[in-house]
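Peer 1: My questions concern the predicted model and sequence given below.
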Amino acid sequence: MRKSTDNVSSLPAGVKSHAEKVGRYGIPAVLFVFYFIYVLAYIDPAMIYSSNGFNLPSFIRYLHEKERNATVVHEPSRYSGDGYILECSPRYFRDLFSAPGGLTKLIVTLVIYSCNYSVIGAFVITGLAGLLFYLFLLVVRRDGGDMPSIVPAVPALVVLYIAHLYELDALAYVVPITGALAFIILFRRLSGSGNLRQAATLIVISWTSWYLLQWASLLLLAIVLLDALFIRRHRLPLLIAAGCNAGLFFLIEGRFLVLGDAVRAETFFARPWPPVILIAWFPLIILLGHLRPGSIFGALRARRNAPLTRLTTEFFLVTLLTAIVVTSARLNPVLRDVRAMARTVHHLQNKQWDEVLDDDFSTQFRNFPEKSGPLQRYLIHARDRCLAETGLLGEKMFSFPQATFSPEPLLLRQSLLDHGFPLWAAAAKLFMELGLVNYAEKTIGELMECMGPYPFLMWERSLLHLAKNNQQAASVYLKKLSAMPFYRKEARQLLAILGDSSAIAAHPRIEHLRSCMDTTDYYFLSCNEEGLLRHLLGANPKNRLAFDYLQAYYLMTGKAGKLIDEIRNAPSLGYTTLPRHWEEGICVYLTREDGNPADAAEHIARISPATFRRFDRFMQMYFSLEGDPSAAKKLGPLFGSTYYYFYSFESTYGEKR
């Protein structure tokens, strides 16, 4: 052992100094460069912004609980967000700062809105984690602590784990912690040595932190108490001031103020990890740092003459902890499904149809169709919507998983009875594109009631009101939107032409809504998908989206005869050739006992020879495997994307298996 120490001690002073600088600055630099790249490339902050308000982690967690226990009750209020909505108006800021904790909510909201731009969002999230890292270093080093990088890396990596949730509500705990550390540094610099000055400074700073950041004042008081117990000679005034302030905080919150859960000090004691671990970490480490000589940092202090060994150890520990956090988040089944839904929500909102079609959802469809719930319905709906928008619904529909002879994923009609807000939003958007204006308005209204007045909902609702010539109602939402980022320009443009009916009619979205608007009155749930789509085609026979969905409905429900009846209307909608699945539907119809060749006679000549050859080959192999329980698996690689495979086995081969 002595020989080893002597060898290390013989290192030149320059090498020691360089190693210490690398440990102090190099390891954090490497950590946060990786942090930024990972947040940008894997998490993609733009998807966090698109998911704002849906509270996807709680919804997905409920779905997983439901799989294990069918009696779990879905509580709507449990899955609504905390309303992080930004508005640039005097009234908004007046209301925000009229109660304690306003600064916390503003900062969290600004972080969420910064995520609308992926690079900026990644920079802000990384910057917040880095600020937490270095403020903690400053607090501990003020006490003479020699803290390894692994210790402040823990809260920074907890923030990274939070980012995997695609819902940044938990930053309502990170922001007050960061503020509390800053206020501790400020208190230490201003308090001086006099008893009265220390007590007065503590009172001013603690109440300021309480007003701006709410329960951050409790963390501030906890660390001040540790300082008083271990560092300061005259402890009694600080102990009395800290205890009185803490008691007053709880008294005022409990008796005189009605505050939101996001900023109440009491919610600290009711939260699961990661917030509780994150909050408790700081006083715990500071307490251990004060304990001398049995400190957890004592071994590191004793090895200051071994800088290379310490540098290697610290780098290994930080790398290991980062790998553990990233791996656990990526393997967590709830977070994995959250990411799949967040990506789909983002792509649908931004009309990125190809991205949805290219995404790999094999994990979500691993046990499909045996395991089929709201998440699978949502992903099927999203894929079908993207295929329809790109004109490929009749061509590639069965290249992806489809529900077993159930039309529910097409319109998500029954899903509106459940509190799955992403499903509601997707259905409302499709209703608008199809022309089901009344039901789009009803669904968006219920979303606003449950989630809050999010700008993307108000924007769609204002367009619906304008399409129905209700300018007065539309103006209410447009005036609100005119003060909201990312919607200000469009809202002000519509407000400027609100009195000009011809200008409103020429607006592309309004023109589309009016051209395909359903003009029939009926109760939505009393009418099935076929009836809804036929009403739309009755109002506008040129509504190609409704026609494609109607044909998809007939394929999904095995009504090939009705599919053939509607094909005669295809040329008027721009079809010069038949989509592949329609051809396959005709082939299936011709093999059925109730199939009448005369009904399909005019269309048989339009079926491509390749479709006939593929169908003949499928039938030969199908009959050769009759009675074989593995027939579906054997035929899947060759015919899994065809309608006759779906019709025969009540399933698609779908995602990679």
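Peer 2: Received the coordinates, thanks. Residues are numbered from 1 along each chain as shown.

Peer 1: For the rest of this, base every contact and every neighbour count on C-alpha atoms.
Peer 2: Noted.

Peer 1: residues making contact with stretch 359-377?
Peer 2: For stretch 359-377, the surrounding residues in contact (C-alpha atoms under 8 Å, 6 or more residues apart in numbering) are 60, 63, 337, 340-341, 401, 403-404, 408-409, 412, 415, 420, 651, 655-657.

Peer 1: Mind giving me the PyMOL command for buried ones among these?
Peer 2: Command for PyMOL that selects the buried part of those, burial taken from 16 or more other C-alpha atoms under 10 Å:
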select buried, resi 60+63+337+340+341+401+403+404+408+409+412+415+420+651+655
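
Peer 1: and the gap between residue 630 and residue 514?
Peer 2: Residue 630 sits 51 Å away from residue 514, going by C-alpha to C-alpha, to the nearest Å.

Peer 1: between the two, which one's more packed in?
Peer 2: Remark: of residue 630 and residue 514, residue 514 carries more neighbours, 18 against 11, as counted by other C-alpha atoms under 10 Å.

Peer 1: Hmm, residue 467 and that one touching each other?
Peer 2: Yes - at 5.8 Å, residue 514 counts as touching residue 467 under the criterion of C-alpha atoms under 8 Å.

Peer 1: What lies in contact with stretch 113-123?
Peer 2: Contacts of stretch 113-123 (C-alpha under 8 Å, 6+ apart): 36-37, 39-40, 44-50, 86, 111-112, 124.

Peer 1: switch the cut-off to 10 Å
Peer 2: Contacts to stretch 113-123, defined as C-alpha atoms under 10 Å, 6 or more residues apart in numbering, come from residues 32, 35-41, 43-50, 52, 84-86, 107-108, 110-112, 124-129, 163, 485-486.

Peer 1: Rounded mean pLDDT for that stretch, please.
Peer 2: Across stretch 113-123, pLDDT averages out at 97.

Peer 1: Just list the residues touching residue 388, thanks.
Peer 2: With C-alpha under 10 Å, 6+ apart, residue 388 has these contacts: 353, 382, 394, 395, 396, 397, 544, 545, 546, 548, 549, 552.

Peer 1: The second one sits in which helix or strand?
Peer 2: Counting by DSSP states H and E, the secondary-structure element that holds residue 382 is helix 374-389.

Peer 1: State the distance from residue 177 to residue 286.
Peer 2: Distance of residue 177 to residue 286, computed by C-alpha to C-alpha: 14 Å.

Peer 1: swap that for residue 531, sorry
Peer 2: Distance from residue 531 to residue 286, by C-alpha to C-alpha: 67 Å.

Peer 1: re earlier: and residue 177 and residue 286? Which one has more around it.
Peer 2: Taking other C-alpha under 10 Å, residue 177 and residue 286 do not tie; residue 177 has more neighbours (26 against 18).

Peer 1: pretty sure the more buried one contacts residue 223?
Peer 2: No - Residue 177 is not in contact with residue 223 according to C-alpha atoms under 10 Å; the separation is 11.6 Å.

Peer 1: any common contacting residues for those two?
Peer 2: With C-alpha under 10 Å, 6+ apart, residue 177 and residue 223 have common neighbours residue 282.

Peer 1: which of the contacts of residue 388 lies closest to residue 538?
Peer 2: Residue 538 lies nearest to residue 546 out of the contacts of residue 388, by C-alpha to C-alpha, at 10.4 Å.
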